[in-house]
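Trainee: curious how this folds, go ahead:
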Amino acid sequence: MFEDEKDDKIYNLIISNGFDQKNEYGQFTQKLFEKVDFLWKESISGSYEHASAEFYSKVDRIILLAGLYNENKDLFNSLLNASEKYDIPIVLVRPLGLEEVPEILEQKAATIVGWNANCIIDSIKDADVLI
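Mentor: Next up is the predicted model:
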């Protein structure tokens, strides 16, 4: 990587979790951990619906794992509302092994990405440009 292309930003992410029968959350975070040139941390709240403006002011992106949507609709709705209220871009990750995503999520996403680690990182970095 060229020095002028180096990105030293530490991206503060919220990554959807919850009931996860296929361990998509674990597989997704593993992909992030494997990209040693991408710096990130995760913000977690006991209730995203009641988290403060200060909490959200530090978040760069909300990552929604579309494969978890059907079993975690309340969590997703809280994150969709927060995205809109605090102007946080959403990176929507397709369900593992599938192409289609729920329409409600697609409409709110700044970008939609599959499971290629390089594409995920590029989508996170460029999400604010795509809005």
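Trainee: okay, buried residues for the worst-scoring helix or strand of the chain on mean pLDDT please.
Mentor: When each helix and strand of the chain is scored by mean pLDDT, DSSP states H and E, helix 117-130 comes last, with a mean of 86. Judged by neighbour count (16 or more other C-beta atoms under 10 Å), helix 117-130 contains these buried residues: Ile120, Ile121, Ser123, Ile124, Lys125, Ala127. To be clear about C-beta, it is placed using only N, CA and C from the backbone, and glycine gets the same treatment.
Trainee: residues contacting the fifth one?
Mentor: Lys125 makes contact with Asp7, Tyr11 under the criterion C-beta atoms under 8 Å, 6 or more residues apart in numbering.
Trainee: give me that answer again for 7 Å
Mentor: Shown in contact with Lys125 (C-beta atoms under 7 Å, 6 or more residues apart in numbering): Asp7.
Trainee: distance of it from Arg61?
Mentor: Counting by C-beta to C-beta, to the nearest Å, the separation of Lys125 from Arg61 is 9 Å.
Trainee: pretty sure Phe19 is one of the things Asn72 touches, is it not?
Mentor: Yes - Asn72 is within contact range of Phe19, at 5.8 Å (criterion: C-beta atoms under 7 Å).
Trainee: please identify which of these two sits among more neighbours.
Mentor: Remark: of Asn72 and Phe19, Asn72 carries more neighbours, 19 against 9, as counted by other C-beta atoms under 10 Å.
Trainee: did I read that right, Tyr11 in a strand?
Mentor: Yes - according to DSSP: H, G, I helix; E, B strand; the rest coil, Tyr11 belongs to a strand.
Trainee: so what's the residue most central in space within the chain bridging to?
Mentor: Centroid check for the chain by C-alpha atoms, centre = their mean gives Ile63 as the closest residue, at 1.0 Å. Residues in a beta bridge with Ile63, per DSSP bridges, are Ile15, Val91.
Trainee: quick check: it touching Asn17?
Mentor: No - between Ile63 and Asn17 there is no contact under C-beta under 7 Å: 9.9 Å.
Trainee: residue ranges with poor pLDDT in this structure?
Mentor: Within the chain, the stretches with pLDDT under 70 are 1-6, 129-131.
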